[in-house]
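Asks: Compute the structure for the input listed below.
(chains A, B, C and D, ligands or ions: 2)
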Amino acid sequence: MNTFTIGSYPDSKGHFGPYGGRYVAETLMPAILELEEAYNQIGNEQAFQSEFQKLLRHYVGRPTPLFHAKRLGNHVKGASIFLKREDLAHSGAHKINNTLGQALLARHMGKQKLIAETGAGQHGVATATAAALLGMECRIFMGLEDIRRQAANVQRMKLLGAEVMPVDSGSGTLKDAMNEAMRFWVGAVRDTFYVIGSVAGPHPYPLMVRNFQKIIGIEARRQILELTGNLPNMLIACVGGGSNAMGLFYPFMEDSIEMVGVEAAGKGIETGKHAATLTAGSLGVLHGSKSYVLQDANGQILEAHSISAGLDYPGVGPEHALLKDLGRVHYVAVDDNQAIEAFHKLCKLEGIIPALESAHAVAQAMIEARRRPATDIIVVNLSGRGDKDLNIILSEENKGKKE
Amino acid sequence: MNTFTIGSYPDSKGHFGPYGGRYVAETLMPAILELEEAYNQIGNEQAFQSEFQKLLRHYVGRPTPLFHAKRLGNHVKGASIFLKREDLAHSGAHKINNTLGQALLARHMGKQKLIAETGAGQHGVATATAAALLGMECRIFMGLEDIRRQAANVQRMKLLGAEVMPVDSGSGTLKDAMNEAMRFWVGAVRDTFYVIGSVAGPHPYPLMVRNFQKIIGIEARRQILELTGNLPNMLIACVGGGSNAMGLFYPFMEDSIEMVGVEAAGKGIETGKHAATLTAGSLGVLHGSKSYVLQDANGQILEAHSISAGLDYPGVGPEHALLKDLGRVHYVAVDDNQAIEAFHKLCKLEGIIPALESAHAVAQAMIEARRRPATDIIVVNLSGRGDKDLNIILSEENKGKKE
Amino acid sequence: MNRIDSTFKTLKKKKEKALVGFVTAGDPNIEESLRIIEAMIDAGLDILELGVPFSDPTADGPVIQRSSARTLKQGVNIAVVFEMTRKLRKKTDIPIIVFSYYNPIFSYGISAFYNDALASEVDGMLVVDLPPEESMEMTSCWSTNELSLIRLIAPTTPTERMARIAQSASGFLYFVSKTGVTGSDGLDSKEIDDKIKTLHSITQLPVCVGFGISTAADVKSIASFADGVVVGSAFERLIEINLDQPNLPTILAEKVHRLKCSTKTTSV
Amino acid sequence: MNRIDSTFKTLKKKKEKALVGFVTAGDPNIEESLRIIEAMIDAGLDILELGVPFSDPTADGPVIQRSSARTLKQGVNIAVVFEMTRKLRKKTDIPIIVFSYYNPIFSYGISAFYNDALASEVDGMLVVDLPPEESMEMTSCWSTNELSLIRLIAPTTPTERMARIAQSASGFLYFVSKTGVTGSDGLDSKEIDDKIKTLHSITQLPVCVGFGISTAADVKSIASFADGVVVGSAFERLIEINLDQPNLPTILAEKVHRLKCSTKTTSV
Ligand SMILES: Cc1ncc(COP(=O)(O)O)c(C=O)c1O
Ligand SMILES: Cc1ncc(COP(=O)(O)O)c(C=O)c1O
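Replies: Ligands and ions are numbered 1, 2, ... in the order given. Okay, the predicted model is just below:
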């Protein structure tokens, strides 16, 4: 197993080895450079950090617990599984860690308007939440198809005072929402801060989002030592853009432990209907950075497919691409059916309704735990709660019945 | 202001002064006596308490934060408002504190089957959650009308492995569900534990539920001292059966501070369509204990009315009846419109979507804060999150549009 | 001697067991209810249990829940029930026991209730959700022992508790045949027999058995060891399915007659 | 001297400004697209900007988004675009600039792209999402300076950055008239004028202005201070609303003709 010296990536231009960088229209370059400067300066100030940490504690409810899922471990007769309970974070997922960080930064930069893209609506809700808390204006771009599928989150964003901007281009899903958010940003860049929802996008987003999310791993590391006296043998997290995974993995980077990133295999890699960018994609440039992408022979981006809207994205954060190449993190893919099964298992065995995204990580954890002795410890990032997915589960059940 | 010596109530037979007691069919009496004995014995054992506290910490996510809602306080230009964030507790409300306590006790008593009544579904979800976690069988009684109104919570209970028992008697709401749960219990009392969802029901439930919920106030008291160095001037909580209110109030009982319980005035006390049991009810016996109830001249129980399903109950815990008589707690009522307004205010000003129950407490907090200097501190129990109420808010908005 | 005690004494002499009949007062309406009750008495009913309807009858099954709802719509309340007993008293001397949940009584006022019950020549009270632990409040104003307080014993009641309950009871003991609400089915007469034996060893009071007794065969089997049988849901079910029949009193009377025959243990 | 430089030199002599026309390659289909482009050139177009369609055109407004989608359905890709430029080269000598997002180029292969571009007699490249910070990867294999790299300057670009960008640019500088995507409307010529002055003080390169220029009046006003105007969405909009017209080439040619007239500053 390779260990990895943190702090050396990204370089000053935002490159994670061959990945990352800044691939944006010139109109945005100055904003991105300004953001980088502001982040480097303000982001490291004591005042900013203490304000951010206070919000994480008193508003988000951090630290989130690390819960020993004994019945799940017993069920597979294998390793001990601990769940990092990001599902308990305010607004229902890890996304809030990042949106609060970016919104605070925006305010320090004097920008009073936030925009964001959203797929499942989780990042949109988290951004709208941060905007409401800090009294900022907020617009959320969301594909028409996702608006239809995720009605409850649309309503939540509106209740929080955000304007939801329907995107009808492309397939009306996350990729299109991000396209449209970038278009809007080009026009409004002077007073508007673009809150990107994962460790994707142009530098400094992948760096910044990872740093706002690394609290997950910092806490988990302290907690598992407290609870067991040992470091875990393995970390598992789902990978859409990759922010919850980076958040968990990063603080363990120099520890000699295995890490597994779980992508969405959708209806199966072989069907082409998946979102397994690292597993089955190739090198490309999308939404401002170079990484693995799903694309055709001509470099046209393909639509991703996953039952989990938050993983349904044809790109992935550049740091993951590097970690894959280095062999530091092992990437696997779990399909819709496996995720649904894990979803139900966690409901029934532990009384926890996970987000479908997180259910992918749980599915892999069950596979890994089965192969390992009870003395092994696996920490799984339970990135969010499943309330947003109830309709999807219901319609899957109905499909099942009809068939 | 009266202060109140805790520990003296209830007496050994479960009487809170003239209230409380045990008014149940003889078939249930032995079970209730057995429960009391088990609770007195097991409930105080170190092993039980440490298991319970561990679950509260690692599973529920306690302590829940105490959050200074600055923008809400600024908005009313008044006292500082702190929110006790029970909305962040696992499964979305304070209810889980109690259901875990009771389910653990049931297991210690050798009962593997749980039943519970539910209105909004919050207590049902919390009971189903505890049952799943502890591997117990679970049946939830719920009125047909509530099943219709609260589809998401019904689905959550089923996902958690509980059987939802539709109750079509009466008006198909909470009171009827509780009737039916008691009927079922009479028949299954030998192996079944009835998990009551509030500080109501026969002794020892009001005592036991208060004790399982008092963690709210214990934490809040420590937190407000940590954050401000002072005790609050006032506590505010909504009162359905009264468990979140008792949980917050109890550990402050001997402090010289004001406490306000907020009932649901529904469409207005004067319309008769309300759930303000303490404000507008009279002494009576319902569901096993003596307290205030909503009843007609013949002692027939009336239907309650509130936009908030969790407050929509014509009874109230006996300890509240006593606290009202003693003048220790002041009870007021807030109507549907005020609650909806407070709901929206909290969404937009703080990025928190509260349960409609909790919105009643927030509404009263805004009224109280307005009258007080910024140096005053009000602690509000934000008993749950509002995800379950999105449909109700939506249909209110649509109604508003039509009118 | 009050009517309840003398009834059991008389029956004993006749080698019969008591047929205790429950109906919800005023079902399907007050006049018809009176006619039904009179017909039942004429057909041989030994003791009448007259139910005060309650909005939240948590110890009752669907049949009595529905009869309560019907009679509440008719405006039946305690005052109406007392009016009915006064009328009945003009025509019959059998014991009348008023069955109620506690809240209507509490709401009526405890001493008013006691005084009016006596004035209306009621013989006993059965308050289903008022266990001995809480009943002092009600009985403390009962200045005579003219009104019997019928106590329930459940299959779950431990022996030692049975004894305590029996001590504070009067009239007879009502043994609940099974865990469950009124109208549940499935009787285990062996088990009941054992319990009755225990009760008889503990108390001098007659012991009646109720809950889920509906057929003549049930009655016969229970009557072979108990001092009386209580039939309730079976009568109410008959009323319910014949609501639109003009001859409801006759239908009920026939049922009473059939059941009463089975209480004559000599015929076993 | 390459075609771009000589075009600007010639225009300068004629006291004209360059009319740079953007169309998405292959819209509405490859043959018709060639006919349209030839007609536009015949009508006086000075420089052709030929767009490679991309699935995710984040810098483009709805009009060019739709034209990209149309041409992707036609199977247009870089190879097709090069085939088109080779055909066009047989009939015209005006500079051809290939406009693309970076990913199709990256996917095609960077040196293959360079070699094939030269072989197809392309004169310049504009890669909208490839800022100078990242362009080394692409240009490091550009062994000659036969291919110009057109750089964008935005209204948000600080002066000091303008200078740095200008240094690495060739052919001409493309000044983006406003913050926004292609096809946005509302021009502030005063502001643009100021920026162009700054740019002219920084660099010798010609400066063309694009984004949101659609009418002859727009062209006239911009042409009064810039070295060229770029029109894109206006042409694509014309194609889109006349998709079913047989005389699309004529319609576009007429538009070119009108706009071209407005670039002749002598006529001001
Ligand atoms: C709960 C949850 N988990 C995971 C993800 C995937 O994003 P990421 O890979 O950035 O953590 C999402 C995205 O919406 C999410 O909502
Ligand atoms: C969020 C929430 N708050 C309050 C209540 C009212 O119950 P109690 O008064 O027992 O706290 C409920 C009941 O369902 C609830 O769900």
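Asks: Tell me who's in contact with residue A:168.
Replies: Residue A:168 makes contact with A:143, A:144, according to C-beta atoms under 8 Å, 6 or more residues apart in numbering or on different chains. Glycine gets a C-beta too; all of them are placed from N, C-alpha and C.
Asks: let me fix that: residue C:19
Replies: Per C-beta under 8 Å, 6+ apart, neighbours of residue C:19: C:44, C:45, C:46, C:47, C:219, C:228, C:229, C:231, C:256, C:259, C:260, C:263.
Asks: now residue A:372
Replies: By C-beta under 8 Å, 6+ apart, the neighbours of residue A:372 are A:78, A:79, A:233, A:234, A:378.
Asks: By neighbour count, which of these wins?
Replies: residue A:378 (26 neighbours; other C-beta atoms under 10 Å in any protein chain shown).
Asks: which ones are touching residue A:172?
Replies: A:143, A:144, A:145, A:146, A:147.
Asks: Kindly identify which of these also come near ligand 2.
Replies: Contacts with ligand 2 within those, counted by C-beta under 6 Å from any ligand atom: none were found.
Asks: Just the ones of those residues in strands?
Replies: Counting by DSSP state E, the contacts of residue A:172 place residue A:143 in strands.
Asks: Just the buried ones from the contacts of residue A:172?
Replies: Using 16 or more other C-beta atoms under 10 Å in any protein chain shown as the burial test, the contacts of residue A:172 include A:143, A:144, A:145, A:146, A:147 as buried.
Asks: Report the contact partners of the closest residue to residue A:14 other than its chain neighbours.
Replies: Nearest residue to residue A:14, sequence neighbours excluded (C-beta to C-beta, 6 or more residues apart in numbering or on different chains): residue A:203, at 2.2 Å. If you count contacts by C-beta under 8 Å, 6+ apart, residue A:203 has them with A:10, A:13, A:14, A:15, A:20, A:21, A:22, A:32, A:36, A:289.
Asks: related to what we said a few turns ago, could you give me the PyMOL syntax to select whichever of the contacts of residue C:19 are buried?
Replies: In PyMOL syntax, the buried subset of those is picked out as below (16+ other C-beta under 10 Å):
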select buried, chain C and resi 44+45+46+47+219+228+229+231+256+259+260+263
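Asks: is it possible to export the contacts of residue C:19 to TSV including secondary structure?
Replies: Listed next are the contacts of residue C:19 as TSV, based on DSSP: H, G, I helix; E, B strand; the rest coil:
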residue	secondary structure
C:44	coil
C:45	coil
C:46	coil
C:47	strand
C:219	helix
C:228	strand
C:229	strand
C:231	strand
C:256	helix
C:259	helix
C:260	helix
C:263	coil
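Asks: Next, format the contacts of residue C:19 as TSV and append pLDDT and distance to chain D.
Replies: Shown next, in TSV, are the contacts of residue C:19 (pLDDT from 0 to 100; distance: C-beta to the nearest C-beta, whole Å):
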residue	pLDDT	distance to chain D
C:44	97	91
C:45	98	87
C:46	98	89
C:47	98	86
C:219	95	83
C:228	97	86
C:229	97	82
C:231	96	79
C:256	97	85
C:259	97	84
C:260	97	89
C:263	93	88
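Asks: What is the nearest of the contacts of residue C:19 to residue B:366?
Replies: Nearest to residue B:366, judged by C-beta to C-beta, of the contacts of residue C:19 is residue C:231 at 59.2 Å.
Asks: Hmm, that closest one is touching residue C:215, no?
Replies: No. Look at residue C:231 against residue C:215 with C-beta atoms under 8 Å: they stay out of range, at 9.5 Å.
Asks: Next, count neighbours for residue C:133.
Replies: For residue C:133, using other C-beta under 10 Å, the count is 18.
Asks: no wait, residue A:223
Replies: Residues near residue A:223, counting by other C-beta under 10 Å: 19.
Asks: doesn't the residue nearest to residue A:14 fall inside a helix?
Replies: No. Counting by three-state DSSP, residue A:203 is not found in a helix; it is coil.
Asks: just checking, what packs against whichever strand or helix holds residue A:99?
Replies: Using DSSP states H and E, residue A:99 maps to helix A:95-108. For helix A:95-108, the packing partners by 3 or more C-beta pairs under 8 Å, 6 or more residues apart in numbering or on different chains; DSSP states H and E come out as helix A:29-42, helix A:46-55, strand A:113-118, helix A:122-134, strand A:192-194, helix A:205-213, helix A:243-249.
Asks: rerun that using 6 Å as the cut-off
Replies: Applying 3 or more C-beta pairs under 6 Å, 6 or more residues apart in numbering or on different chains; DSSP states H and E, we find helix A:95-108 packed against helix A:46-55, helix A:122-134, helix A:205-213.
Asks: looking at the ones you listed, which is buried most?
Replies: Ranked by mean neighbour count under mean count of other C-beta atoms under 10 Å in any protein chain shown, these are led by helix A:122-134, which reaches a mean of 29.
Asks: And that helix, how far out from the chain middle?
Replies: Per C-alpha atoms, centre = their mean, to the nearest Å, the displacement of helix A:122-134 from the mean C-alpha position of its chain is 15 Å.
Asks: how about it, does it reach ligand 1?
Replies: Yes. Helix A:122-134 reaches ligand 1 (C-beta under 6 Å from any ligand atom) through A:122, A:123.
Asks: same for that helix, what does it pack against?
Replies: helix A:95-108, strand A:113-118, strand A:137-143, helix A:151-159.
Asks: export those to a markdown table and tack on distance to residue B:158 and mean pLDDT?
Replies: As requested, the helices and strands packed on helix A:122-134 are exported to a markdown table (distance: least, C-beta to C-beta, whole Å; pLDDT from 0 to 100):
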| stretch | distance to residue B:158 | mean pLDDT |
| --- | --- | --- |
| helix A:95-108 | 27 | 98 |
| strand A:113-118 | 28 | 98 |
| strand A:137-143 | 29 | 97 |
| helix A:151-159 | 18 | 96 |
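Asks: circling back: what's in contact with the helix holding residue A:99?
Replies: A:42, A:52, A:55, A:60, A:89-90, A:122-123, A:126-127, A:130, A:134, A:193, A:195, A:209, A:212-213, A:215 (C-beta atoms under 6 Å, 6 or more residues apart in numbering or on different chains).
Asks: redo that, cut-off 7 Å
Replies: Here helix A:95-108 makes contact (C-beta atoms under 7 Å, 6 or more residues apart in numbering or on different chains) with A:38-39, A:42-43, A:48, A:51-52, A:55-56, A:60, A:89-90, A:114, A:122-123, A:126-127, A:129-131, A:134, A:136, A:193, A:195, A:197, A:209, A:212-213, A:215, A:243.
Asks: Same check on stretch C:33-49?
Replies: Under the contact criterion C-beta under 7 Å, 6+ apart, stretch C:33-49 has outside partners C:7, C:11, C:18-23, C:25-27, C:84, C:87-88, C:91-92, C:94-97, C:99, C:126, C:230, C:248-250, C:252-253, C:256-257, C:260.
Asks: first to last residue in that stretch, what's the distance?
Replies: In stretch C:33-49, first residue to last residue: 13 Å (C-alpha to C-alpha, to the nearest Å).
Asks: list the buried ones in it?
Replies: Buried, per 16+ other C-beta under 10 Å, within stretch C:33-49: C:33-34, C:36-41, C:43-49.
Asks: Tell me the secondary structure of residue C:98, please.
Replies: Applying three-state DSSP: residue C:98 is strand.
Asks: can you pull the contacts of it?
Replies: Here residue C:98 is in contact with C:50, C:52, C:81, C:117, C:122, C:125 (C-beta under 7 Å, 6+ apart).
Asks: Quick check: the fifth one vs chain D, distance?
Replies: In other words, residue C:122. 85 Å (C-beta to the nearest C-beta, to the nearest Å).
Asks: Over to the third one?
Replies: According to C-beta to the nearest C-beta, residue C:81 and chain D sit 78 Å apart.
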